[in-house]
Structures are given as C-alpha cells and as structure tokens.
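Q: Return a 3D structure for these sequence lines:
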Amino acid sequence: MKILCYGDSNTWGFNPRNGARFPEEIRWPGVFRRCLGEGYAVIEDGLNGRTLCAFAMEGDPLNGSEHLVFVVGAHKSLDLLIFYLGINDLFVDPQISVEGMAGELSDTLDTIGELDPSMKLLVVAPLPVNVGREYDAYYHEQIEKSFRLAAELERVVGQKGGYFLDPSRVIAASRRDGVHIEAEEHIKLGLHLCTFVRDILSNLDSSSGLSSAR
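A: Now for the predicted structure:
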C-alpha cells in the first residue's frame, strides 16, 4: 500500500517553540508510518506556507491544489492520499470565505479523482486557531473562519464520497503561535490516523475510487 501525506507546515513538522523541524520519529507522518508497519510505503510531502488554493500562480508549490496534480502524477499509483491543508489560506487572503475554500476543494477532488480513479482520499481539516495570543484581536475574522472551516470541508467531502477527519477531536493547535502543533500532538495525530486509515484500507476489497468511500 502506498500512501501520500500532503500538507503544509503541520505535515512538514514545524516546531512552534523554535521554528525548527521536528525529527522523523516525532512528525505525525513518521509516527503514522511506524504504526502501520510492514507493507505500507508512506510518502511525506509537507511544505511551509502551502495553502489549499490562495496562491493563484499555476504550478506554484505553495498553491496546494494546483501543485497536487504534479505530486500525484509523480507518485502514481497511490492507494491513499491524505490531504491536510487550509489554515494558511485564511491569513494569506483575509477576504477568502470558507465557502469559497470548500468550492476549491470540490474542484480539486474532481481533478484528482480523474487523474487517479483508484486512489482513496482522506481530507484532514485544519485545526481551529488557538486563541491564546495577544494579537488575536487583529485576526478576529480569520479565527472565526477557522472554527467554521471543518464543517464546510466535511460537507464537500461527503458529497464527493471521500473520507474526512476532524483532528480537533483528538489534538489542538499550540498556544505559542496559534496554528502549529506541539510534539505530543504530532504523536497523537499519527497514532489516531493509523487506526483511522487501517479501517479505510480494510474496505478496499469492495470497490475503488472516490465514489466508493463512505
């Protein structure tokens, strides 16, 4: 089984304490890989600043939806794509709406489904911004949107027949910067995803592609 973990700095492993990168054994994709064990190839593709859709230049790796076409093409054939993006859009483009982001996700799922119809897709929602910082008053609208984003993305994923995970039921963003996750949260997320993904892949014998997911 080949699995691609595609995301932003929270997939790359940005440490909110000092800006360094967490080691492989701490980052959630690494924890996830070790938990799954033999028979699974887990590919990490996290990039600091990557968005779901806010960067418009075609092929720009910071525009997650645009660049995903190249990444999926490079790693064909994938059994599962874990797509974990969205929080950066709220700060890159303060005018963006959660409904607009959900629409972009819908288009991305259609495109990727056509590119690799047999691939399953799991969308992980961005964590709500942790409101423990003094400057939160300057980002009120972004913070408010971050609390509504998961529901909008889940609605789209349900319509497309993909899988969805809201990590806020398991972990929270750090109070140090409001958006990144601490080492212990990486470990918890990796272990939780391991259990979740095992359940997904156990159903592969019935059918394939985005339309088969429940």
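
Q: who's in contact with the residue nearest the centre of the chain?
A: Of all residues in the chain, the one closest to the mean position by C-alpha atoms, centre = their mean is Tyr84, 0.4 Å from it. Neighbouring residues of Tyr84 by C-beta atoms under 8 Å, 6 or more residues apart in numbering: 5-8, 10-11, 123-124, 126. (C-beta placed from N, C-alpha, C; glycine too.)

Q: mind putting those residues in JSON lines, neighbour count, secondary structure and pLDDT included?
A: Below are these laid out as JSON lines (neighbours: other C-beta atoms under 10 Å; DSSP: H, G, I helix; E, B strand; the rest coil; pLDDT from 0 to 100):
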{"residue": "Cys5", "neighbour count": "25", "secondary structure": "strand", "pLDDT": "98"}
{"residue": "Tyr6", "neighbour count": "25", "secondary structure": "strand", "pLDDT": "98"}
{"residue": "Gly7", "neighbour count": "23", "secondary structure": "strand", "pLDDT": "98"}
{"residue": "Asp8", "neighbour count": "25", "secondary structure": "coil", "pLDDT": "97"}
{"residue": "Asn10", "neighbour count": "29", "secondary structure": "helix", "pLDDT": "98"}
{"residue": "Thr11", "neighbour count": "24", "secondary structure": "helix", "pLDDT": "98"}
{"residue": "Val123", "neighbour count": "25", "secondary structure": "strand", "pLDDT": "98"}
{"residue": "Val124", "neighbour count": "26", "secondary structure": "strand", "pLDDT": "98"}
{"residue": "Pro126", "neighbour count": "26", "secondary structure": "coil", "pLDDT": "97"}
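
Q: what about the helices in the chain?
A: For the chain, helices defined by DSSP state H occupy the ranges 9-12, 28-36, 64-74, 87-92, 98-115, 140-160, 183-201.

Q: so which of those helices comes closest to Glu44?
A: Closest approach to Glu44 among the helices of the chain (C-beta to C-beta): helix 28-36, 4.5 Å.

Q: for the closest one, packing partners?
A: With contacts defined as 3 or more C-beta pairs under 8 Å, 6 or more residues apart in numbering; DSSP states H and E, the packing partners of helix 28-36 are strand 2-7, helix 9-12, strand 41-46, helix 183-201.

Q: and it, how far from the chain's centre?
A: For helix 28-36, the separation from the chain centroid amounts to 15 Å (computed by C-alpha atoms, centre = their mean, to the nearest Å).

Q: got the angle for it vs strand 41-46?
A: With axes from the mean of the first three to the mean of the last three C-alpha atoms, to 10 degrees as the basis, helix 28-36 and strand 41-46 are set at 170 degrees to each other.

Q: rewinding a little: for Pro29, see how far away the residue nearest to the centre of the chain is.
A: Going from Tyr84 to Pro29 by C-beta to C-beta, to the nearest Å gives 10 Å.
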